[in-house]
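**Student:** sequence unknown, structure follows:
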């Protein structure tokens, strides 16, 4: 019987037997290769564009390719955290796939390396498929693929070495010549762990550098907003109901909802920004940020809401917008006969279509540059966005605006219309119960019920409340600040008895139309139905 040691030349040290890496160690090697891909991709994106990062590019492609029902479910389920969930899901899937490829590399190293390279190809395709892509956007994915393949080849090779000063298990014992089958695996674990740590540091540095290179906070702080030529009238003193738990009438900017598809926020220096207005117009225009401010700004108090809202949903907010008149700019350009929609395009390629008739019917639509007295935050569209009363955001609120095209419905379907949403986007009448909260426990006797209602550009004429299917009672409305704003309301529920009770609310808009009872989902034209909460009187 012979073994490796007995076949050694006379006088030579016995050679240690080698052993293929176990599944756990092989999986760790795959994870290290994936970490190298992410780190290299983020570092390369810092020198090209943050949007070209393979993970961001693939995530953006996933958003675009996801069925409408999946998008709606994600917003309803995760709210404004949907993007973090998406990225977390991408990293999880990537980690599982990388671990499997690490195990595969133990038997077919070339095939595993090819599949890692294919991930880089997927990232390159996703980056180059973006609307504003440039050829250099493929470089981060190429760096990611190269880093992953190199690390995988090194960690799964038969002669892994960490160098004489880093390798704590350089070979068999000179004293006994004993076989150390655990040495190579420990070397792989050490090398993989070090690679993951280095990749994390590289990726973090790349992300920090990207943020610093794209930082426009100083440019935003330097914006000097001129006083409005058309100030908004003061709000009535009794515009808000003073009920604990009821949201303020004016939504603080930090609390204003954000629902969009951007995984990385476009960062635009206003000094380099310009807006092109073209298409079916007599006089195409190109204006810079200073030109926009010089047009003469006006204030608009307006409640903006998202079509993704379920009945009673939170995606609505009221702010004082400041901007230039969009209808005035369209008239200056001269809208041609036959024009049907104005398509706004953002810096990241998102397109929003607004019916032209809603812009020229007398409503005060804006090219907004500020909200609540300060320049727009980056996450809300700095340096410029559109605001059109009466329409959901998906047909009226182009953030990071850089282009306006006057066109027809047949010529172009904007982003959401291509996915089956109604092209008009008129806001549905909504009434929401904010107090008491769902499943709250309240004392018996007199209970204050309060909430908010809106029917933007039509206004709210009445709100009614009923308990346990009983008769409808008129709620008390706060002061009316105008048809483009929500109204807060209160109702005194007297004689509340112990037990579980259901409270419902419905609104009537200023045209006399009562909010419909039948519940419909947000897709394709906005949710309908009466909001209700269940509470327990104890």
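**Tutor:** Nice, thanks for sending it over. Quick caveat, the model's predicted, so the values are computed rather than measured.
**Student:** phi, psi of the residue nearest to residue 339 when sequence neighbours are not counted?
**Tutor:** Leaving aside its chain neighbours, residue 339 sits nearest to residue 280 (4.3 Å; criterion: Cβ to Cβ, 6 or more residues apart in numbering). For glycine as for every other residue, the C-beta is placed from the backbone atoms N, C-alpha and C. For residue 280, the backbone dihedrals are phi -80, psi 70 (criterion: degrees, to the nearest 10).
**Student:** please enumerate the strands of the stretch 201-350 of the chain.
**Tutor:** 274-279, 285-288, 297-305, 316-325, 341-346 (DSSP state E, counting those that start in this stretch).
**Student:** nearest to residue 373, of those strands?
**Tutor:** With respect to residue 373, and counting by Cβ to Cβ, the nearest of these is strand 316-325 at 7.0 Å.
**Student:** sheet partners, orientation included, of the closest one?
**Tutor:** Next to strand 316-325 in the sheet, as set by DSSP bridges, lie strand 297-305 (antiparallel), strand 366-371 (antiparallel).
**Student:** of all the strands of the stretch 201-350 of the chain, which lies closest to residue 525?
**Tutor:** When the strands of the stretch 201-350 of the chain are compared by Cβ to Cβ, strand 297-305 sits nearest residue 525, at 13.1 Å.
**Student:** hmm, who's touching that closest one?
**Tutor:** Residues outside strand 297-305 that contact it (Cβ atoms under 8 Å, 6 or more residues apart in numbering) are 225-232, 235, 315-325, 364, 366, 368-369, 387, 389, 392-393, 397, 427, 430, 454, 456, 481-482, 484-486.
**Student:** now the buried members of those.
**Tutor:** Among the contacts of strand 297-305, those that count as buried by neighbour count (16 or more other Cβ atoms under 10 Å) are 228, 232, 235, 315-325, 364, 366, 368-369, 387, 389, 392-393, 397, 427, 430, 454, 456, 481-482, 484-486.
**Student:** and stretch 433-442, end to end?
**Tutor:** 15 Å (Cα to Cα, to the nearest Å).
**Student:** mind checking the strands of the stretch 201-350 of the chain for the one nearest to residue 154?
**Tutor:** Of all the strands of the stretch 201-350 of the chain, strand 341-346 sits nearest to residue 154, with 42.4 Å by Cβ to Cβ.
**Student:** neighbouring strands of the helix or strand immediately after the closest one in the chain in the sheet, and parallel or not?
**Tutor:** Counting by DSSP states H and E, the element after strand 341-346 in chain order, helix or strand, is strand 351-355. Strand pairing for strand 351-355, using DSSP bridges, gives strand 341-346 (antiparallel).
**Student:** now the angle from the partner strand to strand 274-279?
**Tutor:** Orientation check (axes from the mean of the first three to the mean of the last three Cα atoms, to 10 degrees): strand 341-346 against strand 274-279 gives 150 degrees.
**Student:** tell me the buried residues in strand 341-346?
**Tutor:** The neighbour-count check on strand 341-346 (16+ other Cβ under 10 Å) flags 341, 342, 343, 344, 345, 346 as buried.
**Student:** kindly state the pLDDT recorded for the last one?
**Tutor:** According to the per-residue confidence, residue 346 scores 97 in pLDDT.
**Student:** can we start the residue count at 321 from this point?
**Tutor:** Got it, the first residue is 321 from now on, which makes the last one we talked about residue 666.
**Student:** how about the contacts made by it?
**Tutor:** Under the criterion of Cβ under 8 Å, 6+ apart, the contact list for residue 666 reads 586, 672, 701, 718, 719, 720, 721, 722.
**Student:** among those, which are in strands?
**Tutor:** If you go by DSSP state E, the contacts of residue 666 have 672, 721, 722 in strands.
**Student:** what about those, which one has the most neighbours?
**Tutor:** Counting neighbours by other Cβ atoms under 10 Å, residue 672 leads those with 27 neighbours.
**Student:** can you give me the distance of it to residue 411?
**Tutor:** Distance of residue 672 to residue 411, computed by Cβ to Cβ, to the nearest Å: 30 Å.
**Student:** likewise residue 745?
**Tutor:** Per Cβ to Cβ, residue 745 is found 34 Å from residue 411.
**Student:** try residue 790
**Tutor:** Applying Cβ to Cβ to residue 790 and residue 411 gives a distance of 52 Å.
**Student:** same question for residue 453.
**Tutor:** Residue 453 is 23 Å from residue 411, by Cβ to Cβ.
**Student:** swap in residue 476?
**Tutor:** Residue 476 is 22 Å from residue 411, by Cβ to Cβ.
**Student:** same check, this time on residue 468
**Tutor:** For residue 468, the distance to residue 411 equals 14 Å [Cβ to Cβ].
**Student:** who's more crowded, these two?
**Tutor:** Between residue 468 and residue 411, residue 468 has the larger neighbour count (other Cβ under 10 Å), namely 31 against 14.
**Student:** quick check: the residue nearest to residue 659 touching residue 656?
**Tutor:** Yes. Between residue 600 and residue 656 there is a contact at 4.3 Å, judged by Cβ atoms under 8 Å.
**Student:** what's the overlap in contacts for the two?
**Tutor:** residue 726.
**Student:** with neighbour numbers in mind, choose between those two.
**Tutor:** Comparing residue 600 with residue 656 by other Cβ under 10 Å, the one with more neighbours is residue 600, at 20 against 11.
**Student:** can you pull the contacts of that one?
**Tutor:** 655, 656, 658, 659, 726, 727, 728.
**Student:** for residue 538, grab the count of nearby residues.
**Tutor:** Neighbour tally, residue 538, other Cβ under 10 Å: 8.
**Student:** how about residue 602?
**Tutor:** Around residue 602 there are 9 residues (other Cβ under 10 Å).
**Student:** isn't it up against residue 653?
**Tutor:** Yes. Between residue 602 and residue 653 a contact is recorded at 6.8 Å, counting by Cβ under 8 Å.
**Student:** ok, back up a step: nearest to residue 407 among the buried residues of strand 661-666?
**Tutor:** Nearest to residue 407 among the buried residues of strand 661-666 is residue 666, at 20.3 Å by Cβ to Cβ.
**Student:** which residues does the closest one bridge with?
**Tutor:** Residue 666 has these beta-bridge partners by DSSP bridges: residue 721.
**Student:** what about residue 567, distance to residue 447?
**Tutor:** As judged by Cβ to Cβ, residue 567 and residue 447 stand 40 Å apart.
**Student:** of these two, which one has the most company?
**Tutor:** More neighbours surround residue 447 than the other of residue 567 and residue 447, with 29 against 22 (other Cβ under 10 Å).
**Student:** can you confirm the more buried one is in a helix?
**Tutor:** Yes. Residue 447: assigned to a helix according to DSSP: H, G, I helix; E, B strand; the rest coil.
**Student:** helices or strands up against the lowest-mean-pLDDT helix or strand in the chain?
**Tutor:** One helix or strand of the chain scores below all others by mean pLDDT, DSSP states H and E: helix 388-398, with a mean of 80. Using 3 or more Cβ pairs under 8 Å, 6 or more residues apart in numbering; DSSP states H and E as the contact test, the elements touching helix 388-398 are helix 402-425.
**Student:** tell me how far the helix it packs on is from the chain's mean position?
**Tutor:** Relative to its chain's centre, helix 402-425 lies at 20 Å (Cα atoms, centre = their mean, to the nearest Å).
**Student:** ditto for stretch 506-522
**Tutor:** For stretch 506-522, the distance to the chain centre is 32 Å (Cα atoms, centre = their mean).
**Student:** hang on, the earlier thing: in CSV, list the buried residues of strand 661-666 along with distance to residue 363.
**Tutor:** Formatted as CSV, the buried residues of strand 661-666 follow (distance: Cβ to Cβ, whole Å):
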residue, distance to residue 363
661, 42
662, 40
663, 36
664, 34
665, 30
666, 27
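**Student:** which one of those is nearest residue 594?
**Tutor:** Of all those, residue 594 sits closest to residue 665, with 12.7 Å by Cβ to Cβ.
**Student:** give me the pLDDT for the residue nearest to residue 659.
**Tutor:** 98.
**Student:** swap in residue 532?
**Tutor:** 88.
**Student:** please apply the same query to residue 499.
**Tutor:** At residue 499, the predicted lDDT confidence score is 42.
**Student:** nice, that's everything, thank you.
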